[in-house]
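Student: what follows is a predicted structure for the sequence shown.
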Number of protein chains: 2
Amino acid sequence: MSKHVVVIGAGVLGCTSALCLSKEGYEVTIVARDLPTDLDSQGFASPWAGANWHSFWNDLRTNAWEEATYLKLKSLIPTGLVMKIPSKRYFLEDVSDDIEAEWYRDLVEDFRVIPKEELPEGVKSGCASTILSLAPATYLPWLEDQLRLAGVKLIRRRVESISEAANGMPGVAKADVVVNCTGLGAKSLGGVLDQDVEPIRGQVCLVRAPHVKTDMGIKGYTDGSCYIIPRPDGNVVLGGCQEVGSWDLSVHVDRAETILKRAYALCPELSHGQGWENIPVLRHNVGLRPSRKGGARVEREIVHVPHRSPAAPWKMTESSSLTEKASRPIGLVHAYGIGPAGYQSSWGIAQNVTTLVHDHFTEFPALICSSKL
Amino acid sequence: MSKHVVVIGAGVLGCTSALCLSKEGYEVTIVARDLPTDLDSQGFASPWAGANWHSFWNDLRTNAWEEATYLKLKSLIPTGLVMKIPSKRYFLEDVSDDIEAEWYRDLVEDFRVIPKEELPEGVKSGCASTILSLAPATYLPWLEDQLRLAGVKLIRRRVESISEAANGMPGVAKADVVVNCTGLGAKSLGGVLDQDVEPIRGQVCLVRAPHVKTDMGIKGYTDGSCYIIPRPDGNVVLGGCQEVGSWDLSVHVDRAETILKRAYALCPELSHGQGWENIPVLRHNVGLRPSRKGGARVEREIVHVPHRSPAAPWKMTESSSLTEKASRPIGLVHAYGIGPAGYQSSWGIAQNVTTLVHDHFTEFPALICSSKL
């Protein structure tokens, strides 16, 4: 009997999870308002991400996700989708002790603490290593290709509730498990309504500078950080800001100037030394990182969904006390709220999601839905 | 020699302007990130609008736009796209004098001041009339059809600057005039960067109630207004809120409750008297009204655009001091910032835009571009 998993959301977490699930033999359908190749949609964060692998958190759960993702992304280098680049990260404060203890120092190549005498003016500490970089504009279409090759169906549809995802869609078989990768959508998704979800606004300049081949950054500004991320396609991302709680999708001109000036001070080669005004800007981008107070939610539960969609397909809350006759239990696996670390956690979280789905079917073998559609 | 107008933006103002221009014999191309049938895109306001004709402003310019639109929409009633409905508007304050002087009292049918004894409890004044209502989900696809029938080309593309719209797009002839209908985009559009543009967040409940046939509302709540707008398709919009400066695209659950409770108190028939919890909600919608401090901008100017797109297609500002050799002058007509009154001003503004474009060619006949593409 085939086990059908419906993934809601086609950001990097939704797509990668769907791919891993499909490789494990599940029948997988993605349902999403925005598809991976909607590279201009500001409705989801994935097209706008900096999208390098450069860890900046340290907790056991995140480390495991990021380590798994590092190894997978590294294996993709021969495809041209991912590239290795030297990286230098500087800090306005002296955080040498933290740097010495970086969890990933033995994972990445060439990790070293930068000696004081090599630090630029105004910087108190720093580290260097070789990290990974990718470009969403090529990586997301590749992911979509992989999904189609693996037989995953992608359906464009705005989903209002878990019960709709489980059994409310014409032409889609009923789900045994729903995987919730809705990012910021989890705040408004019927049956979830997670009010801890919040955007962290990011604004970057995408510039052309194929000759710049070093990832660089300075942390410690009160208004965000300065970063320079070269991509395999010769474009370079200059950032950035971290505005917690801001949904503002417009480009702030003064922020763009700050970004360009700080990036130029750190890396004058961006315009071959011709001043910040002459950095060839391709686009100013704004994206909303799908964050969550308390960190990403990656866990499973059992919920009851009505056999048919109710008259009101999206009630603000869905009853979890539906009677046995009027409802059926399904597995619900959450994977959202990763904030700025989506790409660098994606394969680790996807493997985690796959394990949670396995666990569900092992624990509740009787819950596999026999009649489809 | 054909005169080519490029309209940026495919909201109700962009589409209606393009249609009027095309009927006047111009060659018209619309270039937009979102097309009229992207009914789920939160990137533009038109799919989310309440979209009735019910005037709430009183100034000569707006009155003229709204009067023209009223007449045009009325002529569409036989198509089924627009319907007449009785309307009752109530006010928590006593604004009888303003009501007596309503500018549109002789334009609409059946206008009357509601006598005190007919007012619901808690309400101090009110008026009744027959107004018009339409549904964006049918009206926008109809507009797109009309555009295609009229030979207008619609191109999906994110435009970064006026100069790009004028001559930077593969496959699109150079523009003699650019019409800027970018709404909130005008804040970030190179060559415009209008910092007076701001969103007014709106949240509504779309419910099913084909038996409710009266438009109703109460004005005067500190946190917005209460309105009930029946549509030709049998759905009813319950609103709402007016959060100036908020870009928040998520549904606020507490706001939805307030909306449903207030609407039910005013019109218990919404759930056949079965309580606010039993109103059949189809969707909770959030849209950003494209507003502008000081009111909509509908005016023309002459700007200089470079003959070729610069190395950086979107500089944050575009030079208006380009030398004659390095640039060509084009007409630029603005039509954005209408806020909550887009549909009810759309035909009036579109006629205004058409006049401005005529004026441009009359005043500057030498500026018609001879070589296309």
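Tutor: Sure thing, it's come through.
Student: you'd agree A:Glu67 is up against A:Gly348?
Tutor: Yes: between A:Glu67 and A:Gly348 a contact is recorded at 7.0 Å, counting by C-beta atoms under 8 Å. Using the backbone N, CA and C atoms, a C-beta is placed for each residue, glycine as well.
Student: ok, these two, which is more surrounded?
Tutor: With neighbours defined as other C-beta atoms under 10 Å in any protein chain shown, A:Glu67 and A:Gly348 compare such that A:Gly348 has more, 23 against 17.
Student: so A:Gly190 touches A:Arg158, yeah?
Tutor: No: between A:Gly190 and A:Arg158 there is no contact under C-beta under 8 Å: 11.8 Å.
Student: more neighbours: which of the two?
Tutor: When A:Gly190 and A:Arg158 are compared for neighbours, A:Gly190 comes out ahead with 22 against 16, by other C-beta under 10 Å.
Student: which non-adjacent residue is nearest that one?
Tutor: Distance criterion C-beta to C-beta, 6 or more residues apart in numbering or on different chains; nearest residue to A:Gly190, sequence neighbours excluded, is A:Ser161 at 2.9 Å.
Student: quick check: which ranges of the stretch 101-250 of chain A have low pLDDT?
Tutor: Within the stretch 101-250 of chain A, the segments meeting pLDDT under 70 span A:168.
Student: residue numbers of the stretch 151-300 of chain A in contact with chain B?
Tutor: For the stretch 151-300 of chain A, the residues in contact with chain B (C-beta under 8 Å from any C-beta of the partner chain) are A:158, A:160, A:184, A:187-188, A:193, A:195, A:197, A:208, A:246-251, A:253, A:256-257, A:279-284.
Student: run the last query once more with 6 Å
Tutor: Contact residues (C-beta under 6 Å from any C-beta of the partner chain) of the stretch 151-300 of chain A with chain B: A:158, A:187-188, A:247-251, A:253, A:256, A:280-281.
Student: which of those sit farthest apart?
Tutor: Greatest spacing in these, by C-beta to C-beta: A:Ser188 and A:Pro280 (38.9 Å).
Student: specify which residue of the two has the higher count of neighbours.
Tutor: A:Ser188 (24 against 16).
Student: can I assume the more buried one is in contact with B:Val253?
Tutor: No: counting by C-beta atoms under 6 Å, A:Ser188 sits too far from B:Val253 to count as a contact (8.2 Å).
Student: quick check: neighbours shared by these two?
Tutor: Here A:Ser188 and B:Val253 have no joint contacts, going by C-beta atoms under 6 Å, 6 or more residues apart in numbering or on different chains.
Student: sorry, back to before: ChimeraX command for the buried members of the residues of the stretch 151-300 of chain A next to chain B?
Tutor: Selection of buried members from those for ChimeraX, criterion 16 or more other C-beta atoms under 10 Å in any protein chain shown:
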select /A:158,187,188,247,248,249,250,251,256,280,281
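Student: ranges for the strands of the stretch 1-150 of chain A?
Tutor: A:4-8, A:27-32, A:52-53, A:82-91, A:109-113, A:125-134 (DSSP state E, counting those that start in this stretch).
Student: hey, which of those is tucked in deepest?
Tutor: strand A:4-8 (a mean of 27; mean count of other C-beta atoms under 10 Å in any protein chain shown).
Student: and it, what does it pack onto?
Tutor: When contacts are defined as 3 or more C-beta pairs under 6 Å, 6 or more residues apart in numbering or on different chains; DSSP states H and E, strand A:4-8 packs onto helix A:12-23, strand A:27-32, strand A:177-180.
Student: what number of residues lie near the closest residue to chain B within the stretch 1-150 of chain A?
Tutor: Proximity to chain B, evaluated over the stretch 1-150 of chain A using C-beta to the nearest C-beta, is greatest for A:Asp40 at 4.9 Å. Close neighbours of A:Asp40, defined as other C-beta under 10 Å, add up to 15.
Student: over to the one 3 residues further on?
Tutor: A:Gly43: 22 surrounding residues under other C-beta under 10 Å.
Student: residues contacting the residue nearest to it when sequence neighbours are not counted?
Tutor: Spatial nearest neighbour of A:Gly43, excluding adjacent residues (C-beta to C-beta, 6+ apart): A:Asp34 at 4.9 Å. Taking C-beta under 6 Å, 6+ apart, we find A:Asp34 in contact with A:41, A:43-44.
Student: measure A:Asp34 to A:His358 for me?
Tutor: Separation of A:Asp34 from A:His358 (C-beta to C-beta, to the nearest Å): 28 Å.
Student: again, but for A:Pro306
Tutor: Where A:His358 is concerned, A:Pro306 sits at a distance of 27 Å (C-beta to C-beta).
Student: repeat that for A:Pro47.
Tutor: Distance from A:Pro47 to A:His358, by C-beta to C-beta: 31 Å.
Student: look at those two and report which has more neighbours.
Tutor: Neighbours were counted for A:Pro47 and for A:His358 using other C-beta under 10 Å; A:Pro47 has more, 23 against 14.
Student: who's in contact with the more buried one?
Tutor: A:39, A:136.
Student: again, 7 Å this time
Tutor: Contacts of A:Pro47 were listed using C-beta atoms under 7 Å, 6 or more residues apart in numbering or on different chains, and they are A:39, A:41, A:136, A:140.
Student: in JSON lines, list these along with distance to A:Ser17.
Tutor: Output for the contacts of A:Pro47, formatted as JSON lines (distance: C-beta to C-beta, whole Å):
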{"residue": "A:Leu39", "distance to A:Ser17": "20"}
{"residue": "A:Ser41", "distance to A:Ser17": "20"}
{"residue": "A:Pro136", "distance to A:Ser17": "17"}
{"residue": "A:Leu140", "distance to A:Ser17": "14"}
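Student: so what's A:Leu76 closest to, chain neighbours aside?
Tutor: A:Val82 (4.5 Å).
Student: let me have the contacts of A:Asp34 in JSON lines, adding distance to A:Thr222 and pLDDT as columns.
Tutor: Listed next are the contacts of A:Asp34 as JSON lines, based on distance: C-beta to C-beta, whole Å; pLDDT from 0 to 100:
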{"residue": "A:Ser41", "distance to A:Thr222": "31", "pLDDT": "85"}
{"residue": "A:Gly43", "distance to A:Thr222": "30", "pLDDT": "81"}
{"residue": "A:Phe44", "distance to A:Thr222": "29", "pLDDT": "84"}
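Student: so A:Gly331 makes contact with A:His360?
Tutor: Yes: using C-beta atoms under 7 Å, A:Gly331 makes contact with A:His360 at a distance of 3.8 Å.
Student: and for the two, which residues touch both?
Tutor: A:177, A:300.
Student: can you pull the contacts of A:Arg148?
Tutor: No contacts exist for A:Arg148 under C-beta under 7 Å, 6+ apart.
Student: quick check: it vs A:Ser22, distance?
Tutor: Taking C-beta to C-beta, one finds A:Arg148 at 10 Å from A:Ser22.
Student: need the contact list for A:Gln203.
Tutor: Taking C-beta under 7 Å, 6+ apart, one finds A:240-241, A:251-252, A:255, A:286 in contact with A:Gln203.
Student: now with 6 Å?
Tutor: A:241, A:255, A:286.
Student: try A:Gly183
Tutor: Here A:Gly183 is in contact with A:11, A:290, A:336 (C-beta under 6 Å, 6+ apart).
Student: same deal with A:Gly171?
Tutor: Per C-beta under 6 Å, 6+ apart, neighbours of A:Gly171: none.
Student: and A:Leu193, how many neighbours?
Tutor: 17.
Student: tell me which element it falls in.
Tutor: Element membership for A:Leu193 (DSSP states H and E) is empty, with no helix or strand holding it.
Student: with adjacent residues omitted, what lies nearest to it?
Tutor: B:Val253 (6.1 Å).
Student: quick one, helices of chain A?
Tutor: Here chain A has its helices, by DSSP state H, at A:12-23, A:60-75, A:96-100, A:136-149, A:162-167, A:253-266, A:342-363.
Student: what angle separates the first one from strand A:4-8?
Tutor: With axes from the mean of the first three to the mean of the last three C-alpha atoms, to 10 degrees defining the directions, helix A:12-23 sits at 170 degrees from strand A:4-8.
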